[in-house]
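Peer 1: Following is a predicted model, sequence given first.
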Amino acid sequence: MDEITRILTGTIVRSVGRAVDMGVVEFDGLQGETVMVHMQCPFRIVRHGRILLGSADMRYAQKDAGPQAFDEFRMIYDAQTTTFNRVLGELRPSVDSVTVGQSGELTVNWEQAFRLEVFPDCSGRIEAWRVLVRGGAHHVFPPGLD
C-alpha cells in the first residue's frame, strides 16, 4: 500500500467522473502520466465537513431528465461533477496525503481541504477500488484480484 501513496502523492487532481456506475478520479502524475482511482464501492468527496459529491448521487436523476437519465449522464452525480471539474481546472490542486486503512478504506487529501473517502462495504472478494497508472501498474483492493 506504500506504493499507492507514492503513486498519488504530489499528483494534480484533474477530474472526477464515472464509467457506467464506477466512480473515476483522474490525476496528472509527476512525470506527465495519467493516474486514476476507479471506485466500485461507496465513496464521497468532502470539504470542511460537507459532502460535495457522493456515489449515491448516481441513483438520482436531474429534474426532468427522463427515463434514460443514467445512460445520458443526466444524474445528480453528473451535474455535480461538471461543476466540480470546473473548480478543479481553476485550482489544479495537488495531493498532499494518502492513507490506506486495514479494511481497504482509501483517503486521498488534496489542497484546499478536499478529501476523497473510499470505503469498501462488501465482505466478499469483489474488487472495491483500484489505483492505476495508465499503461502501467494497477493496485487493487482487496489485494490479489488484479
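Peer 2: Great, that's in hand.

Peer 1: Describe which strands the helix or strand hosting Ile45 pairs with in its sheet and in which direction.
Peer 2: Per DSSP states H and E, Ile45 falls inside strand 43-47. Strand 43-47 sits in its sheet next to strand 50-54 (antiparallel), strand 114-118 (antiparallel), going by DSSP bridges.

Peer 1: Looking at the chain, which residue reaches furthest from the middle?
Peer 2: In the chain, the greatest distance from the average C-alpha position (C-alpha atoms, centre = their mean) is reached by Asp64, at 27.1 Å.

Peer 1: Show the average pLDDT along the strand holding Ile45.
Peer 2: Here strand 43-47 scores 98 as its mean pLDDT.

Peer 1: Check stretch 25-35 too.
Peer 2: 96.

Peer 1: what comes up buried for it?
Peer 2: 25-29, 35 (16 or more other C-beta atoms under 10 Å). From N, CA and C alone the C-beta is placed, and that goes for glycine too.

Peer 1: picking that back up, deepest of the strands paired with strand 43-47, which one?
Peer 2: Of all those, strand 114-118 has the most neighbours on average by mean count of other C-beta atoms under 10 Å, namely a mean of 20.
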